[in-house]
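*Asks:* Attaching a predicted model along with its sequence, questions to come.
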Number of protein chains: 6
Amino acid sequence: MASGHNFSNYSLIIGRFQPIHKGHMEVIKKCAAESDHITIGIGSAQYSHERNNPFTAGERYLMIDESLREEGISNYFIVPIEDLNRYSLWVYQVKTMSPPFSKVYSNNPLTRRLFSEAGYAVKDSPLYNRELYSGTAVREKMAADGDWRGLVPSAAARIIDEISGAERLKEISGTD
Amino acid sequence: MASGHNFSNYSLIIGRFQPIHKGHMEVIKKCAAESDHITIGIGSAQYSHERNNPFTAGERYLMIDESLREEGISNYFIVPIEDLNRYSLWVYQVKTMSPPFSKVYSNNPLTRRLFSEAGYAVKDSPLYNRELYSGTAVREKMAADGDWRGLVPSAAARIIDEISGAERLKEISGTD
Amino acid sequence: MASGHNFSNYSLIIGRFQPIHKGHMEVIKKCAAESDHITIGIGSAQYSHERNNPFTAGERYLMIDESLREEGISNYFIVPIEDLNRYSLWVYQVKTMSPPFSKVYSNNPLTRRLFSEAGYAVKDSPLYNRELYSGTAVREKMAADGDWRGLVPSAAARIIDEISGAERLKEISGTD
Amino acid sequence: MASGHNFSNYSLIIGRFQPIHKGHMEVIKKCAAESDHITIGIGSAQYSHERNNPFTAGERYLMIDESLREEGISNYFIVPIEDLNRYSLWVYQVKTMSPPFSKVYSNNPLTRRLFSEAGYAVKDSPLYNRELYSGTAVREKMAADGDWRGLVPSAAARIIDEISGAERLKEISGTD
Amino acid sequence: MASGHNFSNYSLIIGRFQPIHKGHMEVIKKCAAESDHITIGIGSAQYSHERNNPFTAGERYLMIDESLREEGISNYFIVPIEDLNRYSLWVYQVKTMSPPFSKVYSNNPLTRRLFSEAGYAVKDSPLYNRELYSGTAVREKMAADGDWRGLVPSAAARIIDEISGAERLKEISGTD
Amino acid sequence: MASGHNFSNYSLIIGRFQPIHKGHMEVIKKCAAESDHITIGIGSAQYSHERNNPFTAGERYLMIDESLREEGISNYFIVPIEDLNRYSLWVYQVKTMSPPFSKVYSNNPLTRRLFSEAGYAVKDSPLYNRELYSGTAVREKMAADGDWRGLVPSAAARIIDEISGAERLKEISGTD
C-alpha cells in the first residue's frame, strides 16, 4: 500500500430494490461514474414473500449484481442490511455492515435527515422518471400480468423469470 | 437469456473472517477455481469490537474483497449474515441472504450437519496448515505485537493498518 | 417398536385461533379423520390483548384442547408458535417447534406458497361456511354483545366465559 | 432506616410524550400532589424520527425533567421503557425497569386492563382538555408551522427549538 | 358450563428435556397422579443442534408425548416455550404460552424463586437418583457410544434412533 | 433560560451497578462536582435474577437515586439502558436513551474505545480502592453472609434489605 484508501469519494445508495428497476439503474450509473466506489445497500433484507417485499435479499443481490455487470459497472459492493426497526440506530447498522463510505445519495427525506444528523455528506440522488419507474409500478404490473419486463434491467427480468417471481407475487397477493 | 442460470456449481464458503488469513485464501482460491461462482458468507455479522470478533462486517467485507481482487479472483459474492442464535434456522437465514448456491464447502462438523439436514451437497473444504493459519493465531499475535502481517493477505494487512485494527484489538483486550 | 414411525400421514393445520370457531372444528375433524395424526399450530403465539388477537397462546391452547376432546378427537398435538416476522424462515420455525409432519392443510395462499417452496405436500383445506364462521365475526359479535357463543365450540365458549374474554375484548377495543 | 419505604402511595404514569404537552402537565401535577412519588414511564422508548414518534427517549427525558422542575415538582422518577411488542409481558417490562409503584393512573383502556390483570390498583387519570392538548395536535401544528409552542410547557418548547425538533418533524414528514 | 374449571390443582413442570430421561418420568408420574392436570413446559425451545441442546422442541415434544402415553398418563399439556433471556419476564412468558396452572413443581432454586416472587405455589419436585439420571449423563453416553438407552423411556429411545439423534450429537460435538 | 443549554459539560457515567457501591459513589461525587450535569446509565438493564446481575433495573434505579440524594447530589439523570448485544451500536443506543452529554468518564477499555470512535470526549474516571469496592466483592459477601453492608451506601443497603436482596442472591446462586 503506497498511500492507502481515500474513502472520501466512496458513496452509498440504499433501497429495498423490490425489484431493481430502470430508475434505480439510472441512479446507480450516474453515482458510480462520479464516485470511486459505491456501496449498494439492500434495505429491509430480512423481509420477503410479502406483497411489497416479494423477493429475498439473496434474490435481490443476484438481480442487482447481474444488472450492473450487464451495464459494465464494476466499482461496487452489494450489502444486504437487516432493519432493526429503530431509526436512531439505522445509520450505524448500515455503517457496521458496509465497507467505509463518506457520501450518501438519497432524495428520501428520512434517509437524508438520518445520515445528516450522523455527519455524512448527503447528496441529491439523480432524477429519473418516477411516474414510470417504481417498485410499486413493477409489482402491480406483475400481479396483473402486465408488462413489467420493460421496467426492469434485462438481467433482473431473466432472474425473476427463472425463480417464477411473478407467480410468487401473484400467489402471495391472493386471499383465501 | 439463452439458457438461464445453472446454479448446480454455485458454492458457499462461510466463516467469521476475523480477519481473513492465508489459510482462508487457499480455500477460496481452490473452491473458486472448481466452482462457477462462490458466495463468501461473513458469519456473526453483527458482532465486532470483541476480543474474538474485533472487526465489523463491513471491515471484513472490504478485506475479503480486496484480498480476492489482488489474487485475480472475480467469480464471487460477499454476503454479511447476522446470527439469529438458533441453529435450526441458520441454514435458511444464510439461504435468504445469499444468491442461490448448491454446494457448501466446510470441514466444520456443525456446518456440515446443518447443511446436510437441509439437503445441500456438502464437500470437504481444501486443507491448509491450520497450525499456522487461524483467526485465533492472528488475533493473538496482534494483541502481543507479534508478526501477524505475514499470516494475512497483503490487502487485509493494509486495511487493518489503515483502520488501526491492531490498536483496537489491543485496547478492547485490556482490562481496567 | 418394530417398524418405527411413518410420518407420511402426519399433517399440520395452522391458524391463529382467535378464538377457535366451528369452521375450524369442521376442518380439524375432517383432517384428523384422514390423517394418522395432526399438529395444530397456534400462530402468532406471542400476541394477545389486541383487538385482533385477544387471547394468549395458553388460553387458545386450552380452548382447542377441550373442544377437540369434546368431539372425541384424540390424535393431535397442539403447538404454540411465535412469529419471527420473517416469512422466509417461518416454515422452519414451525418445523422446529412441531413434531414431524409431511402434509399441510391450508387454503391460505401465502401458507401454501411457503410450505410448497419448502417441499411439503400442501392439500386443500376442507371447505366450510366462511361467511358465517370466522375469527373476525366472532370478535365483532363479542365486542358488540352479539351472539358469538353459537359460532364457537361449547368448550371454547365456556372457557371464554370463565376468563371473562368478551369483557377483555370490549375493554381493549375501547378508546380513552 | 427506621421505618423503610412504604410504596403504597408510589404511582406510575406512562405515555409516549411525543412531546410532553400541557395536558400531560396537568395530569402529572395532580398525581404528583396526591402521591408520595411518581414514576413517569416513557413508553415506546426505542422509537424516534417517525412522524408519530419524532423524539428520542433521551430528548423526551430532558423535556419532561425540565418541565417538571420548572413547575417545582421534585418527587418523580423518569424511566425510558422499550416496547417488547407483546402485551402480555408489557406490565412486567415496566415493572422491571421502574422503581416500585403500587398505583397506576390511566384512562387508556388497554393500559387499565393490563395493569388490572396484573393486580395493580388502577385509578382514573385527571381530566384535561383533550381536544386542545394532544401529541397529535402538537405534531400537526409543528409540521404545518402552526403555533405548537402554546401547547407545551415552556421548557419543552425551548428544548425542541434547541434541537431543531420542528424542522426534524417537517423533514421526516416529507415524501421524496 | 356447569361448574367451570378449578385450576387450583393444575400444575407446571418445566425443563429442557434434552432428552427426557427416566428421572423426569418419575417426577411426571408422581406429579400427574397428584394433580388434576399438568403442563409440561419445554424450555429453551428455540435451541437445538448444540452439544447441550441437541434436539429441537418438536423432537422433544414427540419424545415426551409418546413416553407419557406409554406410561398411561393422559392428563397433560405439552408446551414449547422460547427463552427471552430476561429472567424478570420468564414466568410471564411461561404463563402466556401455557394453559392456566396454579402450582409449580421444581427443585431448581432460580425457578422456585421466580415463580414464588410471582405468587405461584411452589412445591418440591419428587426426588429421583440424580447421579444416575440426568440430561448430561445421557448426552455424554450418546457422544461416547455408551449405553444411554437404558436411561431414557423406551419411546424416547425409539424416536432418538429414528432421527439418528446419537449420530447428530456425535457430529456436532466434533471439532474440525 | 435566555441562551439555551450548553451540553459541553454534561457527562455520562455508565455501569451495571449490581449493586451501587462506595467506589461508584466516589466516582459519581467527583464527576458530579466537575460537571454541570451527569447522566448515570444503568447498563444491561434487562438482566436480573442472575448471580452477576441480581437486581432489576428498577431496583438499581432506586438504590442509585436514594444514595445520591443522601449525599446531597442533585444534578443527575438516571437512565436504564438495555443491551442490544452489538457493540458497534451500543454508543448510539446509549445516546438514544439519554439526555445529551458530551463527555464520558470511564476507565473501561472497551467503553473508552467505543465512545472515542464515536467522537465523544473520554475522560479518566476518578480512582478508588478497587480491591475493596467492587460489585463482585459485594455479591460474594452477600452470598456468603459476609459484611456487604459496609461496602455500599447506606441507602442502597436499606433498599436491598427491604427487597430481601441478599436472600434472593443466595437463592439464585444455589444449585438443585
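*Replies:* Arrived safely, thanks for sending.
*Asks:* average pLDDT across stretch A:52-59?
*Replies:* Here stretch A:52-59 scores 98 as its mean pLDDT.
*Asks:* Is any residue of that stretch near chain D?
*Replies:* No: using CB under 8 Å from any CB of the partner chain, stretch A:52-59 stays clear of chain D, with a minimum separation of 16.0 Å. Where C-beta positions appear, they are placed from N, C-alpha and C, glycine not excepted.
*Asks:* Now do the end-to-end distance for that stretch.
*Replies:* One end of stretch A:52-59 sits 15 Å from the other (CA to CA, to the nearest Å).
*Asks:* Is chain C within reach of that stretch?
*Replies:* Yes: Stretch A:52-59 is in contact with chain C by CB under 8 Å from any CB, via residue A:56.
*Asks:* How about the residues of chain A by chain B?
*Replies:* Selection of chain A residues close to chain B by CB under 8 Å from any CB yields A:1, A:4-5, A:45-46, A:48, A:56-59, A:61-62, A:65, A:77-80, A:82, A:95-100, A:154, A:158-159, A:161-162.
*Asks:* Who are the contact partners of residue A:172?
*Replies:* Going by CB atoms under 8 Å, 6 or more residues apart in numbering or on different chains, residue A:172 touches A:49-51, A:54, C:109-110, C:113.
*Asks:* Counting neighbours, which of these comes out on top?
*Replies:* The most crowded member of the contacts of residue A:172, judged by other CB atoms under 10 Å in any protein chain shown, is residue A:54 (27 neighbours).
*Asks:* on that earlier part again, show me the contacts of residue A:172 that map onto strands.
*Replies:* If you go by DSSP state E, the contacts of residue A:172 have nothing in strands.
*Asks:* Mind checking which of those residues are in helices?
*Replies:* Among the contacts of residue A:172, the members falling in helices (DSSP state H) are C:109-110, C:113.
*Asks:* and the helix or strand hosting residue A:116, what does it pack onto?
*Replies:* Assessed by DSSP states H and E, residue A:116 sits inside helix A:109-117. The helices and strands touching helix A:109-117, judged by 3 or more CB pairs under 8 Å, 6 or more residues apart in numbering or on different chains; DSSP states H and E, are helix A:87-97, strand A:103-105, strand A:121-123, helix D:165-173.
*Asks:* Could you rerun that using 7 Å?
*Replies:* Packing partners of helix A:109-117 (3 or more CB pairs under 7 Å, 6 or more residues apart in numbering or on different chains; DSSP states H and E): helix A:87-97, strand A:121-123, helix D:165-173.
*Asks:* Weed out the non-buried ones from the residues of chain A next to chain B.
*Replies:* Applying 16 or more other CB atoms under 10 Å in any protein chain shown to the residues of chain A next to chain B, the neighbour count classes A:5, A:45-46, A:48, A:56-59, A:61-62, A:65, A:77-80, A:82, A:95-100, A:158-159 as buried.
*Asks:* before we move on, back to that, now the angle from the helix holding residue A:116 to helix D:165-173?
*Replies:* If you take axes from the mean of the first three to the mean of the last three CA atoms, to 10 degrees, helix A:109-117 sits at 130 degrees to helix D:165-173.
*Asks:* Contacts for helix A:109-117, please.
*Replies:* Applying CB atoms under 7 Å, 6 or more residues apart in numbering or on different chains, the external contacts of helix A:109-117 come out as A:14, A:87, A:90-91, A:104, A:106, A:122, D:49, D:168, D:171-172, D:174-176.
*Asks:* What pLDDT does the model give the residue in chain A that chain E sits nearest to?
*Replies:* Per CB to the nearest CB, residue A:46 is where chain A lies closest to chain E, at 16.5 Å. On pLDDT, residue A:46 comes in at 98.
*Asks:* Now for it: which residues touch it?
*Replies:* By CB under 7 Å, 6+ apart, the contact list for residue A:46 reads A:82-83, C:86.
*Asks:* List just the nearest of those residues to chain B.
*Replies:* Of the contacts of residue A:46, the one sitting nearest to chain B (CB to the nearest CB) turns out to be residue A:82, at 5.7 Å.
*Asks:* is it true that the closest one touches residue A:43?
*Replies:* No: counting by CB atoms under 7 Å, residue A:82 does not reach residue A:43; the two are 8.9 Å apart.
*Asks:* For residue B:92, see how far away residue A:171 is.
*Replies:* As defined by CB to CB, to the nearest Å, residue A:171 lies at a distance of 20 Å from residue B:92.
*Asks:* Could you check which of these two is surrounded by more residues?
*Replies:* residue B:92 (22 against 18).
*Asks:* which residues touch the more buried one?
*Replies:* Taking CB under 7 Å, 6+ apart, one finds C:88-89, C:92 in contact with residue B:92.
*Asks:* related to what we said a few turns ago, return a PyMOL selection command for the buried portion of the contacts of helix A:109-117.
*Replies:* The buried subset of these, as determined by 16+ other CB under 10 Å, is captured in PyMOL by this line:
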select buried, (chain A and resi 14+87+90+91+104+106+122) or (chain D and resi 49+168+171+172)
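*Asks:* okay, the helices and strands packed on helix A:109-117 in JSON lines with mean pLDDT next?
*Replies:* Listed next are the helices and strands packed on helix A:109-117 as JSON lines, based on pLDDT from 0 to 100:
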{"stretch": "helix A:87-97", "mean pLDDT": "98"}
{"stretch": "strand A:121-123", "mean pLDDT": "97"}
{"stretch": "helix D:165-173", "mean pLDDT": "95"}
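*Asks:* Just tell me which of the ones you listed ends up closest to residue E:19.
*Replies:* Distance to residue E:19, taken as CB to CB, is lowest for helix A:87-97 among the helices and strands packed on helix A:109-117, at 38.4 Å.
*Asks:* what distance separates the closest one from the centre of its chain?
*Replies:* Centre-to-centre, helix A:87-97 and its host chain are 16 Å apart (CA atoms, centre = their mean, to the nearest Å).
*Asks:* go on, stretch A:127-145?
*Replies:* Taking CA atoms, centre = their mean, the mean C-alpha location of stretch A:127-145 is offset from the chain mean by 14 Å.
*Asks:* For residue A:9, the count of nearby residues, please.
*Replies:* Using other CB under 10 Å, the number of residues around residue A:9 comes to 13.
*Asks:* can you pull the contacts of the nearest residue to it once chain neighbours are set aside?
*Replies:* Spatial nearest neighbour of residue A:9, excluding adjacent residues (CB to CB, 6 or more residues apart in numbering or on different chains): residue A:36 at 4.2 Å. By CB under 7 Å, 6+ apart, the contact list for residue A:36 reads A:9-10, A:75.
*Asks:* Kindly reformat those residues as a markdown table and extend each row with secondary structure.
*Replies:* Output for the contacts of residue A:36, formatted as a markdown table (DSSP: H, G, I helix; E, B strand; the rest coil):
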| residue | secondary structure |
| --- | --- |
| A:9 | helix |
| A:10 | strand |
| A:75 | coil |
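*Asks:* List just the nearest of these to chain D.
*Replies:* residue A:10 (22.9 Å).
*Asks:* Show the contacting residues for the closest one.
*Replies:* Residue A:10 makes contact with A:35-37, A:100-102 under the criterion CB under 7 Å, 6+ apart.
*Asks:* can I get those in a markdown table with distance to residue C:128, secondary structure and pLDDT?
*Replies:* Listed next are the contacts of residue A:10 as a markdown table, based on distance: CB to CB, whole Å; DSSP: H, G, I helix; E, B strand; the rest coil; pLDDT from 0 to 100:
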| residue | distance to residue C:128 | secondary structure | pLDDT |
| --- | --- | --- | --- |
| A:35 | 59 | coil | 97 |
| A:36 | 63 | coil | 97 |
| A:37 | 58 | strand | 97 |
| A:100 | 58 | coil | 97 |
| A:101 | 56 | coil | 98 |
| A:102 | 60 | coil | 97 |
